[in-house]
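Engineer: sharing a model that was predicted from the sequence below.
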Amino acid sequence: MKQKIIKFRGKHRTRSWVYGYYWTNPFTSEHYIKSLVEGGTQLEDIKVIPETVSQYIGLTDINGQEIYEGDYVQYINKTDNGYSGKHKPKLVERIIKNNRNGFNLSSGKNYQIIGNKYENPKLLIEKNL
């Protein structure tokens, strides 16, 4: 049986995204991602903006990029001759399987990440969706 990867990302105030294990300090209510730094040999607690913390859903897109909650993904029709079209972007809020109100993201193979709600909050509006 394949083990599920529990991984988070969060945005640091001055850095870009930080990836690793998420925790909250019970005394100060500050939010941290415990991440590898310095060539991947040292763990460091990096303070992140709480509203940007999201969990890896265990799938990658067509480019091999990890998909996290809060990402905008677009379904790409893939045929033997290449790509035949793109569908409306969707927001990954949670893993939805066989739900009429959502979409089935059981495999990321035909999805492409096109942004996220933290850095591109108006992406769906700009695309008239």
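Structural biologist: Okay, I see it.
Engineer: if the residue nearest the centre of the chain is in a bridge, with which residues?
Structural biologist: Centroid-nearest residue in the chain: residue 68, 1.7 Å away (criterion: Cα atoms, centre = their mean). Listed by DSSP bridges, the beta-bridge partners for residue 68 are residue 56.
Engineer: what's the answer for residue 90, then?
Structural biologist: Residue 90 has the following beta-bridge partners by DSSP bridges: residue 73.
Engineer: quick revisit: for residue 26, see how far away the residue nearest to the centre of the chain is.
Structural biologist: Between residue 68 and residue 26 the distance is 25 Å, computed by Cβ to Cβ, to the nearest Å. For every residue, glycine as well, the C-beta is placed using N, CA and C.
Engineer: which stretch of helix or strand covers residue 112?
Structural biologist: Residue 112 is part of strand 111-116 when elements are defined by DSSP states H and E.
Engineer: helices or strands up against that strand?
Structural biologist: When contacts are defined as 3 or more Cβ pairs under 8 Å, 6 or more residues apart in numbering; DSSP states H and E, strand 111-116 sits against strand 66-68, strand 71-79.
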